[in-house]
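*Asks:* Just need the structure, nothing else, for what follows:
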Amino acid sequence: MPELPEVETTLRGVSPYLVGRLVREVVVRDRRLRWPVPETVHELEGQRISEGTRRGKYLLFTSAKGTLLLHLGMSGSLRVTDPATPWRKHDHLALTTDRGMQIRLHDPRRFGAALFIQGEAPLSHPLLAELGPEPLSDAFTAAVLKAACQGRSAPIKAVIMDSHVVVGVGNIYACEALFMAGIPPMKAAGKVSGPRLQKLVAAIREVLAASIEMGGTTLRDFLNEKGEPGYFYQTLRVYDREGEPCRTCGTLVKRAVMSNRSTFYCPKCQK
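*Replies:* Numbering: from 1, shown residues only. Predicted structure coming up:
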């Protein structure tokens, strides 16, 4: 699933082709995404995209008539292409700009979303209103994380993956950040000390920023707007490295299953 760095990479990749451009045509080939693509999306036609932003894993492209909200789902991507390029089977939606370029939403599993927000502040939309702070913003602090962990017996990994606590820390980056902070993923959140939570906040920031700079992590489906993979996968310390030596101490990386997800950790470095 595309996580925050992949979504940020996508935003940075498509924005030069879309922000400031006039939308000449909206093409909807298949409305059957997570929610049906609304007819109102055609209100974008003739409108200039004034801004492209990200909130969590959602992309928002704003015009005078409303905001297009996109989510890449589990296997979606946005591609910049020439309108004459043959459509692929799972290209569901496209915006054609006045520069003659087309931005296509490709989503084989159709778990993504394309909605059009009118008549309300985009961040007040139900999908966005209750999201936690952005992990790379000043709003995400050790004090915020400590308050979310207070008295909780849930594993610390589950807490940092809760989008109400902080957005965008998916499975890959949770594993990596916990390793960097030296915290076992299964440790009860309420028992993690303040100094270790401070390290964890710094680790989350570091691992996400590094992944963004390297274009995201490619495991199965993610490709950027040009169809290229991200390269952060090559630097992963523990994720998907079960049975391989820890890059720090040489102890074999272990895997556990938490909330039906694989969790990777070093039993020596994370105590």
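*Asks:* all strands for the stretch 51-200 of the chain, in order.
*Replies:* Along the stretch 51-200 of the chain, counting by DSSP state E, counting those that start in this stretch, strands occupy 51-55, 58-63, 66-71, 77-81, 91-97, 102-106, 113-117.
*Asks:* By mean pLDDT, show me the worst of the ones you listed.
*Replies:* Looking at these, the lowest mean pLDDT belongs to strand 77-81 (a mean of 91).
*Asks:* ok now do the residue lying closest to residue 189 once chain neighbours are set aside, which residues does it touch?
*Replies:* Excluding its sequence neighbours, the residue lying closest to residue 189 (Cβ to Cβ, 6 or more residues apart in numbering) is residue 149, at 3.9 Å. Yep, even glycine has a C-beta here, placed from its N, CA and C like the rest. By Cβ atoms under 8 Å, 6 or more residues apart in numbering, the residues touching residue 149 are 156, 159, 189-190, 192, 197.
*Asks:* swap in residue 56?
*Replies:* 4, 128, 131, 134, 163, 167-168.
*Asks:* just residue 118 next, same as before
*Replies:* 40, 43, 65-66.
*Asks:* One more pass at 10 Å, please.
*Replies:* 38, 40, 43, 65-67 (Cβ atoms under 10 Å, 6 or more residues apart in numbering).
*Asks:* again with residue 158
*Replies:* Listed by Cβ under 10 Å, 6+ apart, the contact partners of residue 158 are 152, 165, 174, 185-186, 189, 258-259, 261, 263.
*Asks:* Which single one of the residues you listed is nearest to residue 31?
*Replies:* Nearest to residue 31 among the contacts of residue 158 is residue 261, at 30.6 Å by Cβ to Cβ.
*Asks:* Please tell me how far the closest residue to the closest one other than its chain neighbours sits from residue 262.
*Replies:* What sits nearest to residue 261 in space, not counting adjacent residues and going by Cβ to Cβ, 6+ apart, is residue 171, at 5.2 Å. Computed as Cβ to Cβ, to the nearest Å, the residue 171 to residue 262 distance reads 8 Å.
*Asks:* list residues touching both of those two?
*Replies:* Contact with both residue 171 and residue 262 is made by residues residue 239, according to Cβ under 10 Å, 6+ apart.
*Asks:* Have a look at those two and say which one is more surrounded.
*Replies:* Using other Cβ atoms under 10 Å, the more surrounded residue of residue 171 and residue 262 is residue 171, with 18 against 13.
*Asks:* how near is the more buried one to residue 257?
*Replies:* Residue 171 is 11 Å from residue 257, by Cβ to Cβ.
*Asks:* now do residue 139
*Replies:* 32 Å.
*Asks:* and those two? which has more neighbours close in?
*Replies:* residue 139 (11 against 8).
*Asks:* Stretch 152-164: end-to-end distance?
*Replies:* Taking Cα to Cα, to the nearest Å, the first and last residues of stretch 152-164 lie 15 Å apart.
*Asks:* for stretch 183-193, same thing?
*Replies:* 10 Å.
*Asks:* Please apply the same query to stretch 27-44.
*Replies:* End residues of stretch 27-44 are separated by 11 Å (Cα to Cα).
*Asks:* So for it, mean pLDDT?
*Replies:* 97.
*Asks:* Any buried residues in that stretch, and which?
*Replies:* 28, 33-34, 37, 41, 43-44 (16 or more other Cβ atoms under 10 Å).
*Asks:* related to what we said a few turns ago, what separates the residue nearest to residue 261 from residue 208, distance-wise?
*Replies:* With Cβ to Cβ as the criterion, residue 171 and residue 208 are 13 Å apart.
*Asks:* okay, and the common contacts of those two?
*Replies:* Joint contacts of residue 171 and residue 208 (Cβ under 10 Å, 6+ apart) are residue 3.
*Asks:* If you drop the residues flanking it in sequence, what lies closest to residue 172?
*Replies:* Closest to residue 172 by Cβ to Cβ, 6+ apart is residue 239, at 5.0 Å.
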